[in-house]
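J.: How does the following fold in three dimensions:
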Amino acid sequence: MPTPTKGPRLGGSPAHERMLLNNMASQLFEHKSITTTVTKAKRLRPVAERLITFAKRGDLAARRRVLGQIADKSIVHELFTSIAPAVAERPGGYTRITKIGPRKGDNAPMAVIELVLEAYSPKQATVKEAEAATAAAAPKAEESQDTGSKDAESTEETPATEPDVTTESDSEDEMAEAESAEEKSEDK
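T.: Sure, this is the predicted structure:
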């Protein structure tokens, strides 16, 4: 259980609050998404994530601990066989809370808490991909900036992989466009 919060509890007593959160966790695992108040969703998140962490362990002791909180064996089976393998690579953050509009009857702030079952990509791999894309885009950007100020002879040079041949009239058109762009920027 997470550290106790100050102030009123969700139920009448600590035992009632535990029962309420365990039942909400079992419904979350069964339906993959539930709608509740923001306060209940925030209190449910650490309980559900702890149970998923036990399920990721997968041993008999972990299954018995989860069964101590969730009474329905079919939900525990689903947690261990389908949910835990789906989040096996994820280091945490198994749930997502999305706030929705207030409830119609009493204007209570509502939220949807759902399991995050999308494929996880480690941050380092994402950062490396972004750096590679930036490095690949940087030379192309430099070449496009340099071609405007180079002579016509340098624009006729093409890479070996590109069989496109530039004629003198094309290079003269490019030079004229570059000069007109420079004149427009000087006028401003």
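J.: got any ranges where the chain has weak pLDDT?
T.: By pLDDT under 70, the weakly predicted segments of the chain are 1-5, 123-126, 140-176, 179-188.
J.: can you give me the helices in it?
T.: Assigned by DSSP state H, the chain shows helices spanning 14-31, 38-57, 60-69, 73-78, 84-86, 123-149, 152-156, 168-187.
J.: who touches the first one?
T.: Surrounding helix 14-31, the residues in contact under the criterion C-beta atoms under 8 Å, 6 or more residues apart in numbering are 1, 4, 9-11, 34, 36, 40, 43-44, 47-48, 51, 69-72, 75, 78-79, 83, 95, 113-115. Every residue, glycine included, has its C-beta placed from N, CA and C.
J.: mind running it again at 6 Å?
T.: Applying C-beta atoms under 6 Å, 6 or more residues apart in numbering, the external contacts of helix 14-31 come out as 9-11, 34, 44, 47-48, 51, 69-70, 72, 75, 79.
J.: Emit the ChimeraX select command for whichever of these are buried.
T.: In ChimeraX, a selection of the buried entries from the contacts of helix 14-31 looks like this (16 or more other C-beta atoms under 10 Å):
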select :10,34,44,47,48,51,69,70,75,79
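J.: Now distance to residue 137 too, for the contacts of helix 14-31, in JSON lines please.
T.: Formatted as JSON lines, those follow (distance: C-beta to C-beta, whole Å):
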{"residue": "9", "distance to residue 137": "54"}
{"residue": "10", "distance to residue 137": "51"}
{"residue": "11", "distance to residue 137": "56"}
{"residue": "34", "distance to residue 137": "43"}
{"residue": "44", "distance to residue 137": "43"}
{"residue": "47", "distance to residue 137": "45"}
{"residue": "48", "distance to residue 137": "41"}
{"residue": "51", "distance to residue 137": "44"}
{"residue": "69", "distance to residue 137": "51"}
{"residue": "70", "distance to residue 137": "50"}
{"residue": "72", "distance to residue 137": "53"}
{"residue": "75", "distance to residue 137": "48"}
{"residue": "79", "distance to residue 137": "44"}
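J.: from the contacts of helix 14-31, which single one is nearest residue 119?
T.: residue 79 (19.1 Å; C-beta to C-beta).
J.: Contacts only, for that closest one.
T.: 29, 55.
J.: the domain parsing of the chain - what is it?
T.: For the chain, the structural domains run 14-115, 123-187, going by automatic domain parsing.
J.: Buried deepest among these, which one?
T.: Ranked by mean neighbour count, the domains of the chain are led by domain 14-115 with a mean of 16 (mean count of other C-beta atoms under 10 Å).
J.: coming back round to it: and of the contacts of helix 14-31, the nearest to residue 127?
T.: residue 48 (29.0 Å).
J.: how much space between the spatially closest residue to that closest one that is not a sequence neighbour and residue 76?
T.: The shortest distance from residue 48 to any non-neighbouring residue, by C-beta to C-beta, 6 or more residues apart in numbering, is to residue 25 (4.7 Å). Distance, residue 25 to residue 76, using C-beta to C-beta, to the nearest Å: 11 Å.
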